[in-house]
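Q: kindly generate the corresponding structure for this input.
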Amino acid sequence: MKALLMHRDQDFNLQQGLPWNEEALTQDLELNTLLHVMAGADVFLFDVARKALLSGLSSGIDTILYRQQALKDCLKNPGAIRELYELTVEASERAKKQWWGISSHYPSSMLYSSIESLQVLLGMLRRLREIGDNVAYRFESEAFTALFAMTAKELGDEYLARIQNHLTELKFRKGVLLSAELGESNEGINYALRQTHNRERNWLKRMLDKGPPAYTFHIADRDETGAQILSNMRDRGISRVASALSQSANHVLSFFKMLRTELAFYVGCLNLHDRLAAKGEPVCFPIPTPAGERRLCFSGLYDVCLSLHMERRVVGNAADADGKSLTIVTGANQGGKSSFLRSIGLAQVMMQCGMFVGAETLRAELCTALFTHYRREEDLTMKSGKLDEELGRISEIADHIVPNSMLLFNESFAATNEREGSEIARQIVCALLEKGVKILYVTHLYEFARGLFDRRIEDALFLRAERNADGTRTFRLLEGEPLETSHGEDVYRQIFSSIGNSERAVQQRKSDRSGLGCVRKG
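A: Purely as a prediction, here's the structure:
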């Protein structure tokens, strides 16, 4: 049996490798904030959500849509999904208590532990089938309809009763019937377990019937050597049965573990959805398009991680970047540029693993890989300057980047002067565009942004953080050309407003002293 809730034709691989830049993605997109909300206090949920998010960049459109449909079912039936998940957790924990003997080298211990484990798992399979029977009609997705159809077909009452009978028989309450042959030196060989005769006879027939001829022998009560020999003979006879039963127990437990793993992803999505819904934040299921189509159009897109840190709702943005390979974002500090960039990266990761995204609407192409190049803190070891460190990271990215990747730059190459930083940024961006890389760049380098704007590049979009006349921020990004005074105006307001305030304070103190003098004089 297979769960097949994450893929149509294969299990979700929890041991799969993650992108080489997982640490950078986790730090720059603040993925741990997202993961902690998805996991709650469940470490297992955290691990599954992390693997699903970071490995989702390799998913195709079919897999994304498959998971989206399954997640829609989960959002309609959260109670049933959580009940299924708790069942798989209970099955794993209870069977684990018996698992020590299954790996034993002694067939008797292996057989006993396998029977006990299967006895527990049999009850769990029955409960799984009952849950499916009760809720199957509410589900429409291919993933869950196939799961419940499988449990109804494979776990019928007759089949479960037959398993129970086999487990009871394998306890050998009436003893073990073995056959063997004599080998060299009259040593027993070819031990085999035989099925006992189950003919039911009344006590009178058992007394009067002569029965087949048999030879018996007895060992003394304190004959430990003889008892050990008989135990060894028994173990040799039941070894194959014990091994087969151990494999059966392992197979059933593996099914519950995989079902738990794949349900964990959807439970994490439910946890995140509950948190966002409680704040009234919008979510939607994005429309994925093939890589290379240069599709990116959205409304109400917001930084999910920022929202999770705040009590109030955050401002969303809208833009149409269809057909654009380059998006340049400029504007004043604290205007929402970095949050916007992070919202793009989070939406891409969430979409490609099959989740909903934090937006009202979103249509985006798949990217073959996602990279981030954000500012880092000063190197305290002084092994290199900030510019050297930035160039080293972009060189490493260049070694791994492939066509139709997405690269997010945030204030890159601002560690040097305006002219040098702009030239470095221009050369790197132009080279990446020639290789078919999609770029979103947040920058204060005016020469860099203005130079690209003046070239009137057809597949480039220029956004600017909106600022009101009084200097307040709306945290919205609007289409607009780069302005040379984006940051200078803020500096001007900060300096000269403080000077004005100081002068007014001096005048007020003079006025106060003058007034006091009048009082004394009076």
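Q: let me see the mean pLDDT of stretch 4-19.
A: For stretch 4-19, mean pLDDT is 92.
Q: just how off-centre is that stretch within its chain?
A: Taking Cα atoms, centre = their mean, to the nearest Å, the mean C-alpha location of stretch 4-19 is offset from the chain mean by 11 Å.
Q: contacts for that stretch, please.
A: Outside stretch 4-19, the residues that touch it by Cβ atoms under 8 Å, 6 or more residues apart in numbering are 2-3, 25, 47-48, 51-52, 54-55, 57, 62-63, 66-67, 70, 142-144, 146-147, 258-259, 261-263, 265-266, 354, 369-370. Yep, even glycine has a C-beta here, placed from its N, CA and C like the rest.
Q: please produce a PyMOL select command covering the buried subset of those residues.
A: In PyMOL, this line selects whichever of those come out buried by 16 or more other Cβ atoms under 10 Å:
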select buried, resi 2+3+25+48+51+52+54+55+57+63+66+67+70+143+144+146+147+258+259+261+262+263+265+266+354+369+370
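Q: can you list which of the contacts of stretch 4-19 are found in strands?
A: Members of the contacts of stretch 4-19 lying in strands (criterion: DSSP state E): residue 370.
Q: now the residue lying closest to residue 252 once chain neighbours are set aside: how far from residue 335?
A: For residue 252, ignoring the flanking residues on the chain, the nearest one in space by Cβ to Cβ, 6 or more residues apart in numbering is residue 121 at 4.7 Å. Computed as Cβ to Cβ, to the nearest Å, the residue 121 to residue 335 distance reads 57 Å.
Q: excluding its backbone neighbours, what's nearest residue 451?
A: Excluding the flanking residues, the one nearest residue 451 by Cβ to Cβ, 6+ apart is residue 426, at 6.3 Å.
Q: wait, the one you found sits on residue 453?
A: No. Assessed by Cβ atoms under 8 Å, residue 426 is found out of contact with residue 453, at 11.8 Å.
Q: remind me which helix or strand the residue nearest to residue 451 belongs to.
A: Using DSSP states H and E, residue 426 maps to helix 418-434.
Q: okay, now residue 222: neighbour count?
A: Look at residue 222: counted by other Cβ atoms under 10 Å, it has 7 neighbours.
Q: excluding its backbone neighbours, what's nearest residue 370?
A: Nearest one to residue 370, counting by Cβ to Cβ, 6+ apart, is residue 406 at 5.2 Å.
Q: what's the separation between the one you found and residue 315?
A: Where residue 315 is concerned, residue 406 sits at a distance of 23 Å (Cβ to Cβ).
Q: whichever strand or helix holds residue 373: what's the following helix or strand?
A: According to DSSP H and E, residue 373 maps onto strand 370-374. As assigned by DSSP H and E, the chain's next helix or strand after strand 370-374 is helix 386-400.
Q: and the helix or strand just after that next one, what's its mean pLDDT?
A: Counting by DSSP H and E, the next helix or strand C-terminal to helix 386-400 is strand 406-410. Mean per-residue pLDDT for strand 406-410: 97.
Q: where along the protein do the strands fall?
A: 177-182, 188-194, 287-289, 296-301, 317-320, 326-330, 361-365, 370-374, 406-410, 438-442, 460-467, 473-479.
Q: list the buried residues of the fifth one.
A: Of the residues in strand 317-320, those buried by neighbour count under the rule 16+ other Cβ under 10 Å are 317, 319.
Q: elements contacting that strand?
A: strand 296-301, strand 473-479 (3 or more Cβ pairs under 8 Å, 6 or more residues apart in numbering; DSSP states H and E).
Q: tell me the strands beside the shortest one, with direction?
A: It refers to strand 296-301. Strands adjacent to strand 296-301 in the sheet, as given by DSSP bridges, are strand 317-320 (antiparallel), strand 361-365 (antiparallel).
Q: among those strands, which comes closest to residue 430?
A: Counting by Cβ to Cβ, residue 430 lies closest to strand 361-365 out of these; the figure is 21.3 Å.
Q: what residues are up against the residue nearest to residue 349 when sequence neighbours are not counted?
A: Closest residue to residue 349 in three dimensions, ignoring its sequence neighbours and counting by Cβ to Cβ, 6+ apart: residue 53, at 5.5 Å. With contact set as Cβ under 8 Å, 6+ apart, residue 53 has these partners: 31, 34, 35, 349, 350, 353.
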